[in-house]
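A.B. asks: My questions are about this predicted structure, shown below with the sequence.
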Number of protein chains: 2
Amino acid sequence: MVKEVHHIGILVSNLDEATRLYQDCFGAEVGRTEILAERGVKAAVLSLAHGPKLELLEPLPDSNMAKILEKRGEGLHHITFEVDDVDKELSRLSELGVELIDKKARRGLEGMVAFIHPKSLRGVLVELCQRM
Amino acid sequence: MVKEVHHIGILVSNLDEATRLYQDCFGAEVGRTEILAERGVKAAVLSLAHGPKLELLEPLPDSNMAKILEKRGEGLHHITFEVDDVDKELSRLSELGVELIDKKARRGLEGMVAFIHPKSLRGVLVELCQRM
């Protein structure tokens, strides 16, 4: 079962500009910035006063994410739910007929993660994450 | 300043089906369902074990939201940030050059609310809300 929303992913064309904007507009505090080559993005994690963080994502050149940005523009990209055990949830969802992107949990920015296909979830790209 | 994410809005074509899906997949609990004629939607609020809720939105026939659904399909629609004073934040954002959809707070499902234009926020439709 899902415990809570862990973070919300936002696709942007320029990470520095977007980070400054969200700082200025909403008082978000910028944590680390990392290049996640496997996902084709440069990512910055922004904290609000409480609760789920915002993850701003700038596509790396020639990545799949760059194509998604070109096609769909900037905006909300995914939501991440925290669970106790990603692999257990993947099995349960698979039994319900939900289409998975990742068949097994893999190492992500903040623990073990896996993505679920948006076509099984009313167009929403959902990531599951399990803190390590 | 923003305190935290209050909820995440998801646009769906069929509220009953989407609600059942999110219950089955993620253990979300369904709260009230309401028709928000002003916003052109039927909305259901879903709670996870902790933290921000999910707001599923089905467009009413012939509404502006029905056109958005037709154009963009189902998926993530907006995020709502909780603030102490919506009107004060609107003034501050306006001074920063951010384009507002609502110039003043108005009564919403769970308090006073206002929407900010996505073109000022990297394609993200942001709602501010202040609990009453």
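C.D. replies: Looks like it came in fine. Quick caveat: nothing in here was measured; it's all calculated off a predicted structure.
A.B. asks: going forward, measure contacts between C-alpha atoms and count neighbours the same way
C.D. replies: Fine.
A.B. asks: Kindly provide the distance from A:G9 to B:T19.
C.D. replies: 22 Å (Cα to Cα, to the nearest Å).
A.B. asks: Okay, strands next: where are they in chain A?
C.D. replies: A:2-11, A:29-36, A:41-47, A:53-59, A:75-83, A:106-108, A:111-116, A:126-130 (DSSP state E).
A.B. asks: Show me the strands paired with the helix or strand of chain A with the lowest mean pLDDT, marking each as parallel or antiparallel.
C.D. replies: Lowest on mean pLDDT, DSSP states H and E among the helices and strands of chain A sits strand A:106-108, with a mean of 87. Here strand A:106-108 is paired, per DSSP bridges, with strand A:111-116 (antiparallel).
A.B. asks: got the residues of chain A near chain B?
C.D. replies: A:1-5, A:10, A:12, A:18, A:21-22, A:25-28, A:48-52, A:73-78, A:93, A:96, A:121-125 (Cα under 8 Å from any Cα of the partner chain).
A.B. asks: show me where pLDDT drops low in chain A?
C.D. replies: Judged against pLDDT under 70, chain A has no low-scoring part.
A.B. asks: repeat that for 90
C.D. replies: A:1, A:32, A:38, A:107-111, A:131-132 (pLDDT under 90).
A.B. asks: Tell me which residue lies farthest from the centre of it.
C.D. replies: Here the centre of chain A is the reference, and by Cα atoms, centre = their mean the most remote residue is A:E95, at 23.7 Å.
A.B. asks: Okay, now stretch A:99-114: how far is its last residue from its first?
C.D. replies: 12 Å.
A.B. asks: centre of the chain versus it, how much separation?
C.D. replies: Offset of stretch A:99-114 from its chain centre (Cα atoms, centre = their mean, to the nearest Å): 11 Å.
A.B. asks: Would you mark the buried spots in the lengthiest helix in chain A?
C.D. replies: Criterion DSSP state H: the longest helix present in chain A is helix A:15-26. Within helix A:15-26, the residues that count as buried by 16 or more other Cα atoms under 10 Å in any protein chain shown are A:15, A:18-19, A:21-23, A:25-26.
A.B. asks: With just CA atoms, put it into CSV.
C.D. replies: What follows is helix A:15-26, C-alpha atoms only, in CSV (Å, rounded to 0.1, in the frame of the first residue of the first chain):
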residue,chain,number,x,y,z
LEU,A,15,17.0,23.7,-14.6
ASP,A,16,18.8,26.9,-13.3
GLU,A,17,16.0,29.2,-14.4
ALA,A,18,13.2,26.9,-13.2
THR,A,19,14.9,26.4,-9.8
ARG,A,20,15.3,30.2,-9.3
LEU,A,21,11.6,30.7,-10.3
TYR,A,22,10.3,28.2,-7.8
GLN,A,23,12.6,29.6,-5.1
ASP,A,24,11.3,33.1,-5.8
CYS,A,25,7.6,32.3,-6.2
PHE,A,26,7.2,29.6,-3.5
